[in-house]
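1. turn this into a model:
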Amino acid sequence: MPGGWRLWYKDEADGSTTWAADSPDLYRWDVVGRVIGGRPHEGPNVFRLGGHGWMIVDEWRGQMVYRSDDLSTWEQQGLLLDGSGSRPDDTGPGLHADVVPVSDDEAWIVYFTHPGPESGAPGAPVVDEGRGLDDGPGGVAADRRSSVQAAVLRVVDGVLVCDRDAPVETLLPG
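-> This next block holds a predicted model:
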């Protein structure tokens with residue numbers, strides 16, 4: 001919306017689809033309606049990178065990617081983070097991602113995984129017949145353990161790409 005604000009949100013009453021609302025002043029909001037339908041999803045995250053607008057939504061099987069040049073009309077691109085990475089605990093789909101653009105042509109995508117016993121990850125707690133899930137490090141039950149991960153996003157030939165195994169230079173300690 002030129003000269004105003006747009007909010008994208010999950011509408012559970014419409015089957016967990018993405019809707020938008022516009023505001024000229026952040027006090028009054030006018031519902032635009034559904035902008036992304038299809039498979040249920042949540043967590044719309046909109047950002048600019050490589051000269052395009054992008055939206056990622058969590059389909060609980062990876063992040064579905066949409067591209068737009070006007071932030072109103074969205075074209076589906078495909079899934080990111082739908083497999084497993086090779087880093088420790090980066091198993092299964094990347095969930096509930098957030099994006100931090102760090103330049104005009106690079107962004108970080110931060111997400112979490114559940115590296116529990118069903119993941120088959122090396123060192124993942126195992127199910128012991130008759131006892132249930134063993135507690136993992138620090139007494140956290142394996143079925144509740146999450147691992148935060150980060151990867152770099154880039155636009156290559158108009159497509160948003162993510163190499164989840166490439167090193168990420170975050171400039172954070174540790």
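
2. dump the residue contacts of Gly94.
-> Counting by C-beta atoms under 8 Å, 6 or more residues apart in numbering, Gly94 touches Gly62, Gln63, Leu80, Leu81, Asp82, Ile109, Tyr111, Phe112, Thr113, Gln149, Ala151, Arg164. Yep, even glycine has a C-beta here, placed from its N, CA and C like the rest.

3. quick one: low-confidence parts of this structure?
-> 1-2, 117-144, 170-174 (pLDDT under 70).

4. could you redo the last one with a cut-off of 80?
-> Along the chain, segments meeting pLDDT under 80 span 1-3, 116-145, 169-174.

5. what segments of it are strands?
-> 5-11, 17-23, 30-36, 42-49, 52-58, 63-68, 75-80, 95-101, 107-113, 127-128, 132-133, 147-156, 159-163 (DSSP state E).

6. about what we covered before: of the contacts of Gly94, which is the most crowded?
-> Neighbour counts for the contacts of Gly94 peak at Gln63, which has 28 neighbours (criterion: other C-beta atoms under 10 Å).

7. what's the separation between the nearest residue to Trp19 once chain neighbours are set aside and Asp90?
-> Closest residue to Trp19 apart from its sequence neighbours, by C-beta to C-beta, 6 or more residues apart in numbering: Asp11 at 4.5 Å. Separation of Asp11 from Asp90 (C-beta to C-beta, to the nearest Å): 31 Å.

8. export the contacts of Gly94 to a markdown table and tack on distance to Gly158?
-> Output for these, formatted as a markdown table (distance: C-beta to C-beta, whole Å):
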| residue | distance to Gly158 |
| --- | --- |
| Gly62 | 20 |
| Gln63 | 18 |
| Leu80 | 15 |
| Leu81 | 20 |
| Asp82 | 20 |
| Ile109 | 18 |
| Tyr111 | 23 |
| Phe112 | 28 |
| Thr113 | 28 |
| Gln149 | 26 |
| Ala151 | 20 |
| Arg164 | 20 |
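
9. nearest to Arg34 among those residues?
-> Gln63 (19.3 Å; C-beta to C-beta).

10. and Leu153, how far is that from Ser16?
-> 24 Å.

11. buried sites along stretch 3-12?
-> For stretch 3-12, the neighbour count (16 or more other C-beta atoms under 10 Å) marks Trp8, Lys10 as buried.

12. Leu153 and Ser16: which is more packed in?
-> Leu153 (25 against 15).

13. isn't the more buried one right next to Trp108, touching?
-> Yes. At 7.2 Å, Leu153 and Trp108 qualify as touching, with contact defined as C-beta atoms under 8 Å.

14. thinking again about what came up before, so the residue nearest to Trp19 bridges to which residues?
-> The partner list for Asp11 in beta bridges (DSSP bridges) reads Thr17.
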